[in-house]
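Chemist: Quick one, structure for this:
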Amino acid sequence: MFVHWADVQAENHKLPNHRQCVAVSGNFMRTILLTLLLFNLTTLTVAQKHSLDTTFKINKQVLQVSADDIDSKFVLLKSSYASQIALCDTIDAVGLANIEFPDINNDSYPDILITYFGNNPTYFLYLFDYTTKHYKSIADYMNYPDAVQLKSNRKYYYSYYRGGCADMNWGSDLFKIVDYKIIKVGHIDAQGCDFEKEKYPQIIRVFRVINNDKKMENLITKLSYEKTLKKFDNKWKFLDKYWNQNLKNFD
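Modeler: Numbers count the residues shown, from 1 in each chain. Take a look at the predicted model:
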(Lines give C-alpha, C1' and ligand atoms only; values in the text may rest on other atoms or scores of the structure.)
Protein backbone atom coordinates (compact mmCIF):
# COMPACT_ATOMS: atom_id res chain seq x y z
CA MET A 1 0.00 0.00 0.00
CA PHE A 2 1.27 3.44 -0.89
CA VAL A 3 0.32 6.90 0.30
CA HIS A 4 1.13 9.65 -2.17
CA TRP A 5 1.75 13.34 -1.86
CA ALA A 6 -1.61 15.01 -2.33
CA ASP A 7 -2.18 16.67 -5.68
CA VAL A 8 -3.44 19.95 -4.30
CA GLN A 9 -3.65 23.21 -6.23
CA ALA A 10 -1.82 26.06 -4.51
CA GLU A 11 -4.91 28.17 -4.09
CA ASN A 12 -6.79 25.33 -2.38
CA HIS A 13 -3.98 24.28 -0.08
CA LYS A 14 -4.44 25.45 3.49
CA LEU A 15 -1.25 25.92 5.48
CA PRO A 16 -1.35 25.14 9.20
CA ASN A 17 -2.62 28.00 11.34
CA HIS A 18 0.54 27.72 13.43
CA ARG A 19 3.83 25.83 13.41
CA GLN A 20 3.50 24.35 16.88
CA CYS A 21 3.02 20.63 17.47
CA VAL A 22 0.04 19.64 19.60
CA ALA A 23 -1.22 16.36 20.97
CA VAL A 24 -3.41 14.63 18.38
CA SER A 25 -6.84 13.26 19.05
CA GLY A 26 -7.32 9.72 17.77
CA ASN A 27 -10.92 10.34 16.65
CA PHE A 28 -10.06 11.12 13.06
CA MET A 29 -7.14 8.72 12.62
CA ARG A 30 -7.18 5.85 10.18
CA THR A 31 -5.13 2.78 11.04
CA ILE A 32 -2.87 1.94 8.10
CA LEU A 33 -0.32 -0.82 8.53
CA LEU A 34 2.69 0.21 6.44
CA THR A 35 6.34 -0.66 6.19
CA LEU A 36 7.06 1.66 3.29
CA LEU A 37 5.75 5.08 2.34
CA LEU A 38 6.58 6.56 -1.05
CA PHE A 39 5.77 10.04 -2.23
CA ASN A 40 4.86 11.34 -5.64
CA LEU A 41 5.97 14.95 -5.91
CA THR A 42 3.45 16.97 -7.91
CA THR A 43 5.14 19.80 -9.78
CA LEU A 44 2.96 22.91 -9.83
CA THR A 45 3.56 26.25 -11.47
CA VAL A 46 3.86 27.84 -8.04
CA ALA A 47 5.64 25.16 -5.99
CA GLN A 48 5.72 21.48 -5.15
CA LYS A 49 3.10 20.63 -2.54
CA HIS A 50 3.57 17.99 0.11
CA SER A 51 0.94 16.46 2.37
CA LEU A 52 1.03 13.29 4.45
CA ASP A 53 -1.07 11.88 7.26
CA THR A 54 -0.79 8.21 8.16
CA THR A 55 -0.94 6.04 11.27
CA PHE A 56 0.30 2.72 12.66
CA LYS A 57 -1.20 0.65 15.45
CA ILE A 58 1.51 -0.73 17.75
CA ASN A 59 0.93 -2.46 21.09
CA LYS A 60 -2.68 -1.25 21.04
CA GLN A 61 -1.46 2.36 20.72
CA VAL A 62 -1.67 4.68 17.71
CA LEU A 63 1.45 6.22 16.20
CA GLN A 64 0.74 9.00 13.73
CA VAL A 65 3.11 10.69 11.28
CA SER A 66 2.16 13.77 9.27
CA ALA A 67 3.88 16.29 7.04
CA ASP A 68 2.55 19.56 5.60
CA ASP A 69 4.06 22.48 3.77
CA ILE A 70 4.92 25.53 5.83
CA ASP A 71 5.86 27.40 2.67
CA SER A 72 7.73 26.64 -0.57
CA LYS A 73 10.98 26.01 1.30
CA PHE A 74 10.00 24.06 4.41
CA VAL A 75 7.80 21.16 5.52
CA LEU A 76 6.55 20.57 9.06
CA LEU A 77 7.13 16.94 10.08
CA LYS A 78 5.12 15.79 13.08
CA SER A 79 4.46 12.56 14.93
CA SER A 80 2.47 11.50 17.96
CA TYR A 81 2.34 8.26 19.94
CA ALA A 82 -0.54 7.48 22.28
CA SER A 83 -1.72 11.09 21.74
CA GLN A 84 1.60 12.48 23.00
CA ILE A 85 4.06 14.42 20.82
CA ALA A 86 6.79 12.13 19.49
CA LEU A 87 8.38 14.47 16.92
CA CYS A 88 8.10 18.05 15.73
CA ASP A 89 10.69 19.18 13.21
CA THR A 90 11.06 21.43 10.18
CA ILE A 91 12.66 19.84 7.11
CA ASP A 92 13.59 21.19 3.69
CA ALA A 93 10.92 20.99 1.00
CA VAL A 94 13.23 21.46 -1.98
CA GLY A 95 14.36 18.12 -3.41
CA LEU A 96 12.25 16.04 -1.02
CA ALA A 97 11.80 12.65 -2.68
CA ASN A 98 10.73 9.88 -0.28
CA ILE A 99 9.71 9.31 3.30
CA GLU A 100 9.88 5.65 4.29
CA PHE A 101 9.19 3.76 7.51
CA PRO A 102 11.72 0.91 7.86
CA ASP A 103 12.44 -0.66 11.22
CA ILE A 104 16.14 0.22 11.24
CA ASN A 105 16.95 -0.84 14.81
CA ASN A 106 14.68 -3.90 14.85
CA ASP A 107 12.54 -2.81 17.80
CA SER A 108 9.17 -3.28 16.01
CA TYR A 109 8.59 0.49 15.85
CA PRO A 110 8.65 2.30 12.49
CA ASP A 111 11.57 4.67 12.03
CA ILE A 112 11.52 7.62 9.62
CA LEU A 113 13.92 7.70 6.66
CA ILE A 114 13.85 10.83 4.48
CA THR A 115 15.44 10.94 1.02
CA TYR A 116 16.37 13.97 -1.06
CA PHE A 117 17.13 14.00 -4.79
CA GLY A 118 20.68 14.59 -6.02
CA ASN A 119 23.57 13.04 -7.96
CA ASN A 120 24.23 11.34 -4.65
CA PRO A 121 20.89 11.07 -2.80
CA THR A 122 20.92 12.54 0.71
CA TYR A 123 19.31 10.68 3.61
CA PHE A 124 18.10 11.74 7.06
CA LEU A 125 17.07 9.28 9.75
CA TYR A 126 14.90 9.47 12.86
CA LEU A 127 14.85 6.43 15.16
CA PHE A 128 11.96 5.83 17.52
CA ASP A 129 13.09 5.61 21.15
CA TYR A 130 10.59 3.27 22.80
CA THR A 131 11.77 4.26 26.29
CA THR A 132 10.96 7.96 25.88
CA LYS A 133 8.35 7.43 23.12
CA HIS A 134 10.04 10.12 21.00
CA TYR A 135 11.84 10.13 17.66
CA LYS A 136 15.54 11.01 17.75
CA SER A 137 17.47 12.42 14.81
CA ILE A 138 20.61 10.42 14.01
CA ALA A 139 23.43 12.89 13.44
CA ASP A 140 25.72 12.31 10.44
CA TYR A 141 23.44 9.70 8.86
CA MET A 142 23.55 11.83 5.71
CA ASN A 143 27.20 10.78 5.40
CA TYR A 144 26.23 7.11 5.02
CA PRO A 145 24.13 6.94 1.83
CA ASP A 146 22.34 3.86 0.49
CA ALA A 147 22.89 1.96 3.75
CA VAL A 148 22.34 -1.81 3.63
CA GLN A 149 21.87 -4.01 6.68
CA LEU A 150 24.27 -6.94 7.05
CA LYS A 151 22.78 -10.40 6.84
CA SER A 152 25.41 -11.83 9.18
CA ASN A 153 24.71 -9.31 11.97
CA ARG A 154 21.68 -7.03 11.80
CA LYS A 155 23.34 -4.48 14.09
CA TYR A 156 25.69 -3.45 11.30
CA TYR A 157 25.19 -1.60 8.02
CA TYR A 158 27.36 -0.58 5.10
CA SER A 159 27.00 2.47 2.89
CA TYR A 160 27.96 3.22 -0.70
CA TYR A 161 29.00 6.52 -2.23
CA ARG A 162 30.45 7.67 -5.52
CA GLY A 163 33.96 9.06 -5.77
CA GLY A 164 34.11 10.31 -9.35
CA CYS A 165 35.49 9.09 -12.68
CA ALA A 166 32.08 7.92 -13.92
CA ASP A 167 31.52 6.02 -10.65
CA MET A 168 34.71 3.97 -11.11
CA ASN A 169 36.03 5.54 -7.91
CA TRP A 170 33.80 4.76 -4.94
CA GLY A 171 33.75 4.02 -1.25
CA SER A 172 31.85 2.17 1.46
CA ASP A 173 31.69 2.52 5.24
CA LEU A 174 30.78 -0.18 7.75
CA PHE A 175 28.94 1.16 10.79
CA LYS A 176 26.51 0.48 13.61
CA ILE A 177 24.18 2.70 15.64
CA VAL A 178 24.77 2.68 19.39
CA ASP A 179 22.76 4.88 21.77
CA TYR A 180 21.42 6.75 18.75
CA LYS A 181 24.92 7.60 17.51
CA ILE A 182 26.74 6.24 14.46
CA ILE A 183 29.91 4.26 15.15
CA LYS A 184 32.08 3.77 12.07
CA VAL A 185 34.20 0.62 12.22
CA GLY A 186 35.36 -0.02 8.66
CA HIS A 187 36.09 1.74 5.38
CA ILE A 188 36.68 0.65 1.78
CA ASP A 189 38.33 3.01 -0.69
CA ALA A 190 38.17 1.90 -4.33
CA GLN A 191 40.15 3.65 -7.06
CA GLY A 192 39.13 2.19 -10.40
CA CYS A 193 39.67 5.11 -12.76
CA ASP A 194 41.56 3.86 -15.82
CA PHE A 195 43.25 7.20 -16.51
CA GLU A 196 47.05 7.12 -16.07
CA LYS A 197 47.09 3.68 -14.47
CA GLU A 198 50.84 3.73 -13.97
CA LYS A 199 50.63 6.91 -11.93
CA TYR A 200 47.30 6.12 -10.28
CA PRO A 201 46.99 2.31 -10.03
CA GLN A 202 43.59 0.71 -9.78
CA ILE A 203 43.24 -0.67 -6.27
CA ILE A 204 40.80 -1.43 -3.46
CA ARG A 205 42.01 -0.70 0.05
CA VAL A 206 40.22 -1.88 3.19
CA PHE A 207 40.69 -0.15 6.55
CA ARG A 208 39.63 -0.79 10.12
CA VAL A 209 38.51 2.41 11.87
CA ILE A 210 39.74 2.75 15.45
CA ASN A 211 37.56 4.42 18.10
CA ASN A 212 35.22 5.87 15.50
CA ASP A 213 38.01 8.23 14.39
CA LYS A 214 38.49 8.59 10.62
CA LYS A 215 42.06 9.77 11.28
CA MET A 216 42.83 6.45 12.98
CA GLU A 217 42.51 3.86 10.23
CA ASN A 218 44.52 0.63 10.06
CA LEU A 219 45.05 -0.83 6.60
CA ILE A 220 43.79 -4.42 6.59
CA THR A 221 44.32 -5.42 2.97
CA LYS A 222 44.86 -4.25 -0.59
CA LEU A 223 43.01 -5.87 -3.46
CA SER A 224 43.35 -5.68 -7.22
CA TYR A 225 40.46 -3.59 -8.53
CA GLU A 226 40.03 -5.43 -11.83
CA LYS A 227 40.55 -8.97 -10.46
CA THR A 228 38.25 -8.38 -7.49
CA LEU A 229 35.33 -7.02 -9.51
CA LYS A 230 35.80 -9.75 -12.11
CA LYS A 231 35.73 -12.39 -9.38
CA PHE A 232 32.55 -11.05 -7.80
CA ASP A 233 30.97 -9.95 -11.10
CA ASN A 234 30.33 -6.39 -9.83
CA LYS A 235 31.06 -4.06 -6.91
CA TRP A 236 27.63 -4.55 -5.32
CA LYS A 237 28.18 -8.28 -4.90
CA PHE A 238 31.72 -7.64 -3.68
CA LEU A 239 30.54 -5.25 -0.95
CA ASP A 240 27.80 -7.62 0.16
CA LYS A 241 30.15 -10.60 0.34
CA TYR A 242 33.11 -8.78 1.85
CA TRP A 243 31.36 -6.97 4.69
CA ASN A 244 29.23 -10.00 5.65
CA GLN A 245 32.08 -12.51 5.52
CA ASN A 246 34.74 -10.34 7.18
CA LEU A 247 32.77 -8.64 9.96
CA LYS A 248 34.94 -10.38 12.58
CA ASN A 249 37.85 -8.14 11.52
CA PHE A 250 35.88 -5.03 12.51
CA ASP A 251 33.55 -6.10 15.32
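
Chemist: Could you confirm residue 237 falls within a strand?
Modeler: No - membership of residue 237 in a strand is not supported by DSSP: H, G, I helix; E, B strand; the rest coil, which gives helix.

Chemist: correct me, but residue 249 touches residue 208?
Modeler: Yes - with contacts counted by CB atoms under 8 Å, residue 249 reaches residue 208, the gap being 6.5 Å. To be clear about C-beta, it is placed using only N, CA and C from the backbone, and glycine gets the same treatment.

Chemist: what residues do the two have in common as contacts?
Modeler: Contact with both residue 249 and residue 208 is made by residues 186, 220, according to CB atoms under 8 Å, 6 or more residues apart in numbering.

Chemist: you'd agree residue 190 is up against residue 171?
Modeler: Yes - with contact defined as CB under 8 Å, residue 190 counts as touching residue 171 (6.5 Å).

Chemist: more crowded one of the two?
Modeler: Under the neighbour definition other CB atoms under 10 Å, residue 190 and residue 171 were set side by side, and residue 190 has more, 23 against 16.

Chemist: Which of the helices or strands spans that one?
Modeler: Under DSSP states H and E, the secondary-structure element containing residue 190 is strand 181-191.

Chemist: what's the next secondary structure element after that strand?
Modeler: Proceeding C-terminally, strand 181-191 gives way to strand 203-210 as the next helix or strand, assigned by DSSP H and E.

Chemist: Mind listing what's buried along the helix or strand following that following strand?
Modeler: Sequence-wise, the next helix or strand beyond strand 203-210 is strand 213-224, with elements assigned using DSSP H and E. By neighbour count, and taking 16 or more other CB atoms under 10 Å as the criterion, the buried residues in strand 213-224 are 217, 223.

Chemist: cool, stretch 110-119 as well?
Modeler: Judged by neighbour count using 16+ other CB under 10 Å, the buried positions of stretch 110-119 are 110-116.

Chemist: Quick test: name the residue nearest the centre of the protein.
Modeler: Centroid check for the chain by CA atoms, centre = their mean gives residue 123 as the closest residue, at 4.2 Å.

Chemist: Thought residue 117 was touching that residue, still the case?
Modeler: No - applying CB under 8 Å as the test, residue 123 and residue 117 come out as separate, 11.5 Å apart.

Chemist: Now for these two: what residues contact both?
Modeler: The overlap between the contact sets of residue 123 and residue 117 (CB under 8 Å, 6+ apart) is empty.

Chemist: and the strand or helix carrying residue 176, how far out from the chain's middle?
Modeler: Of the helices and strands defined by DSSP H and E, residue 176 is found in strand 169-178. Taking CA atoms, centre = their mean, to the nearest Å, one finds strand 169-178 lying 13 Å from the centre of the chain it belongs to.

Chemist: What are the contacting residues of that strand?
Modeler: For strand 169-178, contacts defined as CB under 8 Å, 6+ apart pick out 104-105, 127, 138, 143-144, 147, 155-163, 182-193, 235, 239, 243, 247, 250.

Chemist: buried ones in it?
Modeler: Going by 16+ other CB under 10 Å, strand 169-178 has these buried residues: 169-177.

Chemist: For that strand, which strands pair with it and how are they oriented?
Modeler: Using DSSP bridges, strand 169-178 pairs in its sheet with strand 156-158 (antiparallel), strand 161-164 (antiparallel), strand 181-191 (antiparallel).

Chemist: Can you point out the helix or strand that includes residue 99?
Modeler: According to DSSP H and E, residue 99 maps onto strand 96-100.
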